[in-house]
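Undergrad: Structure for the following, please:
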Amino acid sequence: MKIGKIPETVLKRSVLSQIHNRRDEVLAGASVGEDCAAVAVADDEMLVMSTDPITGTVQDIGELAIQITVNDLASAGAEPVGVMLTVLLPERVSEQKMRHMINQAEAACAKVNVQIMGGHTEVTKAVNQPLISVVGVGKAKKGKLISTSGARPGMDIIITKWAGIEGTSIIAKEKEDQLRTRFTQSFIDQAKAFDQMISVLPESVIAVQNNVAAMHDVTEGGIFGALWEMAEASGVGLEIDLKKIPIRQETVEICEFFDINPYELISSGCMLMAAADGNTIVRELEKAGIHAVVAGKAVKGNDRVLYAASEKRFLEPPKSDELYKVV
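TA: The predicted structure follows:
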């Protein structure tokens, strides 16, 4: 199989279809497009959990590990509480490097008041670069969980910030020397700084306050993959104006340099939402300084269509992320 997310057909056939045992306390479990699970712990409260490995980059891996997990919890409408880390290291990694990764993770936790609750750290021949896998735990009131599957026909589809911002930052850091052959240092530094926009916690809070129906953090597979996943999870079609999908010029130019598709590039920091009144959410986000647009609508049926002027194309199931072609 190719590097990256397992294809949806394989996921359904060989993973999800094998999971049969159920418990009443589990309110939300494994499903296509869903990033979190929820467990009832009291009459009015539940724990929300997420898990993710960071495999696409080594630079800033400690910070990214926390941000990605917090984003998953935030996209479910949960308040992040704590994380547990599994840190797997190759033999050549020094103690200083390990300490740096943990310091990164702790600093990221401090920004959002999340505690590192425990985990496991190991040097192993099974990896050739550092790998951090995170289990995140959050809390939410019963009935307040936001899922990827909440989109309904007629709802507005909202996209926050810009597509490809995480991938742009990773490539700018990992491939800086190559990029210098075409771009100025200030341009590259601007792209590297996109990592400052990766948190989606602020927009998730605003969206929940304004009746958002579905949220999905745009990660591997990019905005095209996230659109498909929300539509698949919700059982709806989509009509999306390609020109309305927000994207930064730095992303466009770096993707052109490496001949990759920016709309299929990992995009943490970009949030996909569905709501009956998307314009109100966009206005509230803009008041908070968060760029957002209504890019289209959910519709009846299964057609997931992208429009560009008089042309149209159909979305396909998520593919291996474009990042893996570069780093």
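Undergrad: tell me the contacts of the closest residue to residue 152 other than its chain neighbours?
TA: Using C-beta to C-beta, 6 or more residues apart in numbering and skipping residues adjacent in sequence, the residue nearest residue 152 is residue 298, 6.3 Å away. Every residue, glycine included, has its C-beta placed from N, CA and C. By C-beta atoms under 8 Å, 6 or more residues apart in numbering, residue 298 lies in contact with 151, 152, 153, 154, 155, 157, 231, 234, 236, 237, 238, 274.
Undergrad: Tell me which entries of those lie within helices.
TA: Counting by DSSP state H, the contacts of residue 298 place 231, 234 in helices.
Undergrad: Serialize the contacts of residue 298 to TSV and add fields for neighbour count.
TA: Shown next, in TSV, are these (neighbours: other C-beta atoms under 10 Å):
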residue	neighbour count
151	27
152	16
153	13
154	12
155	22
157	27
231	25
234	23
236	25
237	17
238	25
274	29
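Undergrad: any idea which element residue 58 lies in?
TA: Assessed by DSSP states H and E, residue 58 sits outside every helix and strand.
Undergrad: Equivalent analysis for residue 69, please.
TA: Assigned by DSSP H and E, residue 69 falls in helix 61-75.
Undergrad: what does residue 132 give?
TA: strand 131-141.
Undergrad: helices and strands around that strand, which ones?
TA: strand 45-54, helix 61-75, strand 79-89 (3 or more C-beta pairs under 8 Å, 6 or more residues apart in numbering; DSSP states H and E).
Undergrad: okay, residue 8: pLDDT?
TA: For residue 8, the pLDDT comes out at 84.
Undergrad: how much space between the residue lying closest to residue 268 once chain neighbours are set aside and residue 248?
TA: Sequence neighbours aside, residue 166 is the residue nearest to residue 268 in space, at 4.1 Å (criterion: C-beta to C-beta, 6+ apart). Here residue 166 is placed at a distance of 12 Å from residue 248 (C-beta to C-beta, to the nearest Å).
Undergrad: what's next to the helix or strand of the chain with the lowest mean pLDDT, contact-wise?
TA: Across the helices and strands of the chain, mean pLDDT, DSSP states H and E gives its lowest value to strand 26-28, namely a mean of 75. With contacts defined as C-beta under 8 Å, 6+ apart, strand 26-28 is touched by 34, 36, 37, 38, 39, 40, 46, 142, 145, 147.
Undergrad: Are any of these buried, and if so which?
TA: With neighbours counted by 16 or more other C-beta atoms under 10 Å, the contacts of strand 26-28 contain buried members at 34, 36, 37, 38, 46, 145, 147.
Undergrad: What strands flank the strand holding residue 132, and is each parallel or antiparallel?
TA: Strand 131-141 has these partner strands in its sheet, going by DSSP bridges: strand 45-54 (antiparallel), strand 79-89 (antiparallel).
Undergrad: quick one, which of the ones you listed is nearest to residue 219?
TA: Smallest distance to residue 219 across the strands paired with strand 131-141 (C-beta to C-beta): 8.1 Å, for strand 45-54.
Undergrad: Mind listing what's buried along the closest one?
TA: 46, 47, 48, 49, 50, 51, 52, 54.
Undergrad: Tabulate the residues you listed in CSV, adding columns for distance to residue 309 and pLDDT.
TA: Formatted as CSV, the buried residues of strand 45-54 follow (distance: C-beta to C-beta, whole Å; pLDDT from 0 to 100):
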residue, distance to residue 309, pLDDT
46, 46, 83
47, 47, 82
48, 41, 87
49, 44, 86
50, 39, 87
51, 41, 83
52, 37, 81
54, 38, 77
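Undergrad: Now the two most distant members of the buried ones among the contacts of strand 26-28.
TA: 34 and 46 (14.6 Å).
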